[in-house]
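# Model the structure of this input:
(2 chains)
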Amino acid sequence: MIKNERQYRITKARAQQFAQVISHLNAYPEKSAYLHPILRKAEQNALVGQLESLQQELREYEALSNGQQQSFQLDSFEEFPRALIKARIAAGLSQKELAGRLGLKEQQIQRYEATEYASASMARVGAVIQALGLTVREEVSLADRSAG
Amino acid sequence: MDGLGMALHMLKLAGCGTVYVDGSFVTTKPAPGDFDVCWDVDGVAVELIPPLFFNFDADRAAQKAQFGGEFFPAQLPEGESGVLFLDFFQRDRDGRLKGIVALDLESLP
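Residues are numbered from 1 along each chain as shown, chains lettered A, B, ... in the order given. Predicted coordinates for the structure are as follows:
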């Protein structure tokens, strides 16, 4: 997941590199002529697949930064840290700005987000929710004991 | 790492000599996640490679399900795709070098 503008620029440049290599190999098929056709095709598909993954990440970040999403539906608690990161981006806040609101260093927020809030206390997570001005609605339900 | 071991064994049987591995165990992430492998196509007997290694659909979903990681064939290290993949794997999202491990499959038991 792309989490800030710098990562966005780097990923964009990377996607361009992949696109260039793909079109270069297409333009000069003789460069791969010695390869078995299946391997040639596999290499091509691998490049294209990786390009598509990068493009998807770029699109996701663009959509978030454009404020196109104002709420996030989650199916599990595991998804929550990522939703916090997405909410920050959707709220138009940089990692530095969020850090400022919490009286923290930018690196601290970067660390939290890099580890998907694994090391943050509940109190800290609560502070982030408040700093972002979020509303969080939870439903907690027990495992279904009637089955089996 | 069972999935990785299984996959490397399959590649070795098909004649693959070298792979480059990136992943949590060469970064500082607290919890191990999936890995990426770039495998050298040189000298490989294509018909001995399981089709799964050629399935890159949906973010390499099938490979992740089976092995716990993703596998990219490339002409290592100097083919255009090889250079690109290796550079790509050696850097994190912030453009910082993170290192990868080169494995000589001959040396695997």
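
# what pLDDT does residue B:1 get?
Residue B:1 is assigned 61 on the pLDDT scale.

# ah, wrong one, I meant residue B:54
pLDDT, residue B:54: 95.

# Could you do the one 10 residues further on as well?
The confidence metric pLDDT takes the value 92 at residue B:64.

# which element is it on?
For residue B:64, the host element (DSSP states H and E) is helix B:57-67.

# how close does residue A:101 get to residue A:75?
According to Cβ to Cβ, to the nearest Å, residue A:101 stands 29 Å off from residue A:75. In short, each C-beta sits where N, CA and C put it, glycine included.

# Spatially, which residue comes closest to the residue in chain B positioned nearest to chain A, not counting chain neighbours?
When scored by Cβ to the nearest Cβ, chain B has residue B:56 as its residue closest to chain A, at 3.5 Å. Of all residues not flanking residue B:56 in the chain, residue A:49 sits nearest, at 3.5 Å (Cβ to Cβ, 6 or more residues apart in numbering or on different chains).

# Buried residues, stretch B:65-73. List them.
By neighbour count on 16 or more other Cβ atoms under 10 Å in any protein chain shown, the buried set for stretch B:65-73 is B:67-73.

# now do stretch A:105-121
Residues A:108-114, A:116-117, A:120 are the ones in stretch A:105-121 that count as buried (16+ other Cβ under 10 Å).

# cool, and stretch B:14-24?
Under the neighbour-count rule (16+ other Cβ under 10 Å), stretch B:14-24 has B:14-23 buried.

# what's the answer for stretch A:31-39, then?
If you call a residue buried by 16+ other Cβ under 10 Å, then stretch A:31-39 has these buried ones: A:32, A:35, A:38-39.

# is that stretch up against chain B anywhere?
Yes - using Cβ under 8 Å from any Cβ of the partner chain, a contact is recorded between stretch A:31-39 and chain B, made by A:31-32, A:35-36, A:38-39.

# Report the rounded mean pLDDT for the longest helix along chain A.
Across chain A, the longest stretch assigned as helix under DSSP state H is helix A:37-65. Per-region confidence: helix A:37-65 scores 95 on mean pLDDT.

# and the residue sitting nearest the centre point of chain B, what are its bridge partners?
The residue lying closest to the centre of chain B (Cα atoms, centre = their mean) is residue B:37, at 1.1 Å. Beta-bridge pairing for residue B:37 (DSSP bridges): residue B:21, residue B:71.

# And the pLDDT at it?
We have a pLDDT of 94 for residue B:37.

# and if you look at residue A:138?
84.

# What of the one 4 residues further on?
In the predicted model, residue A:142 carries a pLDDT score of 88.

# what's the distance between it and chain B?
Relative to chain B, residue A:142 is positioned 26 Å away (Cβ to the nearest Cβ, to the nearest Å).

# what sits against that residue?
By Cβ atoms under 8 Å, 6 or more residues apart in numbering or on different chains, the contact set of residue A:142 is empty.

# cool, residue B:6 as well?
Neighbours of residue B:6 in contact, by Cβ under 8 Å, 6+ apart: residue B:67.

# do the same with the one 5 residues further on
Under the criterion of Cβ under 8 Å, 6+ apart, the contact list for residue B:11 reads B:19, B:39, B:44, B:49, B:53, B:71, B:105.

# Buried ones among those?
B:19, B:39, B:44, B:49, B:53, B:71, B:105.

# Many thanks, have a good one.
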